[in-house]
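Trainee: Sequence and computational prediction follow.
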Amino acid sequence: MSAPLRLMAVHAHPDDESSKGAATMARYVAEGADVLVCTLTGGERGSILNPKMELPDILENITEVRRQEMERAREILGVRQSFLGFIDSGLPDDESEPLPEGCFALQPLEVASAPLVAAVREFRPHVILTYDDDGGYPHPDHIMTNKVSVEAFEAAGDPDRYVGLGEPWQPLKLYYHMGFTRARFEALHQAMTERGIGSPYGDWIARWEDRPQKWEVTTRVPCGEYFETRDRALLAHATQVDPDGFWFVCPRDLQEEIWPTEDYHLARSLVDTDLPEEDLFTGIRAEEVAHADH
């Protein structure tokens with residue numbers, strides 16, 4: 001192969017890349033792929049979720065602290081990373097609460113999409129990862145991240161759109177993260193219960209009764225051996241991740257045994273592929289990559 005496969009992961013805030021698809025990225029980096037994380041906002045309005053980090057100097061410098069955390073996570077995952085310059089919208093306590101003026105979620109679509117289109121044209125990914133159209137959960141920045149990712153996938157290859165933002169480049173596949181599914185948490189809950197480990201997932205599973213899964217899982221990427229890397233990247237985001245909290249309740253060896261994949265929905269594909277898949281690059285043959293790169 002004349003050039004490495006390239007994977008772009010588009011996220012709303014620092015720490016999202018470590019909680020969604022981190023083991024997948026670590027695996028592909030280990031296999032020689034070039035991986036770029038595009039972070040649309042700086043997470044400026046994120047709450048401190050780790051009680052140990054609720055310190056005055058942290059609160060006063062949260063933007064810089066979160067950038068430092070992102071750099072540590074980037075090093076752990078072995079990826080490239082770029083902030084695209086928008087301001088965190090925050091998560092309103094009430095849906096009727098207006099969002100802050102100038103925040104990412106209130107940008108016109110073309111304004112919000114332009115930096116990502118430019119990044120796609122510069123990095124030239126074969127595959128893009130993003131959230132589904134509900135954002136994975138209804139945070140306004142996550143929903144907008146889906147919109148700009150779809151826009152960039154569809155527009156970056158069109159020479160008549162976003163003129164002046166680089167040479168056109170058409171990605172070949174677009175995936176949605178499907179890591180937070182009822183099936184996965186039911187399997188982990190059952191395994192933990194059978195082994196006498198207290199499971200925190202019962203309430204989550206109950207809430208799914210009234211929330212049917214919108215997208216099917218088309219692609220399961222085996223990456224259990226990289227869960228340890230994922231966890232170290234999560235812990236790098238110390239303001240957002242409590243080492244004694246939810247993320248680490250389920251033992252890693254049990255996760256590797258019961259659900260050793262990270263899961264996705266193939267939302268767009270310009271190459272032929274057979275479903276289900278076990279590889280994000282299925283259908284992207286070496287000769288296609290070499291041809292596309294010239």
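Mentor: Received the coordinates, thanks.
Trainee: only C-alpha atoms for contact and neighbour calcs from this point on.
Mentor: OK.
Trainee: quick one: the helices in the stretch 101-250 of the chain?
Mentor: Ranges of helices in the stretch 101-250 of the chain, per DSSP state H, counting those that start in this stretch, are 109-123, 140-155, 182-194, 202-207, 227-236.
Trainee: Those: which one's closest to Gly283?
Mentor: helix 140-155 (17.4 Å; CA to CA).
Trainee: Give the buried residues for that closest one.
Mentor: Neighbour-count burial for helix 140-155, counted by 16 or more other CA atoms under 10 Å, picks out 140-155.
Trainee: tell me the angle of it relative to helix 109-123?
Mentor: 60 degrees (axes from the mean of the first three to the mean of the last three CA atoms, to 10 degrees).
Trainee: From Trp208, how far off is Glu278?
Mentor: Distance check for Glu278 against Trp208: by CA to CA, to the nearest Å, it reads 26 Å.
Trainee: Settle it for me: which of the two has more neighbours?
Mentor: A count of neighbours by other CA atoms under 10 Å puts Glu278 above the other of Glu278 and Trp208, at 16 against 12.
Trainee: and the gap between that one and Ala118?
Mentor: The gap separating Glu278 from Ala118 is 29 Å, by CA to CA.
Trainee: Please apply the same query to Pro222.
Mentor: For Pro222, the distance to Ala118 - CA to CA - is 31 Å.
Trainee: in the stretch 51-200 of the chain, which spans are strands?
Mentor: Here the stretch 51-200 of the chain has its strands, by DSSP state E, counting those that start in this stretch, at 80-86, 127-130, 173-177.
Trainee: Let me see the contact set for the nearest residue to Ser89 once chain neighbours are set aside.
Mentor: Nearest in space to Ser89, with sequence neighbours left out and distances taken as CA to CA, 6 or more residues apart in numbering, is Cys103 at 4.9 Å. Cys103 makes contact with 86-89, according to CA atoms under 8 Å, 6 or more residues apart in numbering.
Trainee: Need the buried ones from those residues selected in ChimeraX.
Mentor: The buried residues among the contacts of Cys103 can be selected in ChimeraX (16+ other CA under 10 Å) with this line:
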select :86,87,88,89
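Trainee: and which of the contacts of Cys103 is nearest Glu256?
Mentor: Asp88 (33.6 Å).
Trainee: Now for the closest one: which residues touch it?
Mentor: Asp88 neighbours (CA under 8 Å, 6+ apart): 13, 41-46, 103-104, 141.
Trainee: re earlier: distance to Pro56 and mean pLDDT added to the strands of the stretch 51-200 of the chain, as a markdown table?
Mentor: Compiled in a markdown table, the strands of the stretch 51-200 of the chain are given as follows (distance: least, CA to CA, whole Å; pLDDT from 0 to 100):
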| stretch | distance to Pro56 | mean pLDDT |
| --- | --- | --- |
| strand 80-86 | 25 | 98 |
| strand 127-130 | 34 | 98 |
| strand 173-177 | 35 | 98 |
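Trainee: returning to what we had before: mind checking which of the contacts of Asp88 land in helices?
Mentor: Asp141 (DSSP state H).
Trainee: For Asp34, state which of the contacts of Asp88 is nearest.
Mentor: Nearest member of the contacts of Asp88 to Asp34, counting by CA to CA, is His13, at 20.8 Å.
Trainee: higher neighbour count, Pro222 and Ala118?
Mentor: Ala118 (22 against 18).
Trainee: Relative to Pro168, how far out is that one?
Mentor: Shown here: Ala118 relative to Pro168, a distance of 9 Å by CA to CA.
Trainee: My reading is that His265 lies in a helix. Confirm?
Mentor: No. Under DSSP: H, G, I helix; E, B strand; the rest coil, His265 falls outside any helix and is assigned strand.
Trainee: quick one: pLDDT of it?
Mentor: According to the prediction, His265 has pLDDT 98.
Trainee: quick one: it and His237, what's the gap?
Mentor: As judged by CA to CA, His265 and His237 stand 27 Å apart.
Trainee: I'd like to know which of the helices of the stretch 101-250 of the chain is closest to Glu97.
Mentor: Of the helices of the stretch 101-250 of the chain, nearest to Glu97 by CA to CA is helix 140-155, at 11.8 Å.
Trainee: If you average the pLDDT over that closest one, what comes out?
Mentor: 97.
Trainee: any idea how far it is from the chain center?
Mentor: 12 Å (CA atoms, centre = their mean, to the nearest Å).
Trainee: which other residues reach it?
Mentor: Against helix 140-155 from outside (CA under 8 Å, 6+ apart): 10-12, 40, 88-91, 104-105, 109, 112-114, 116-117, 120, 128, 130-136, 161-162, 170-171, 174.
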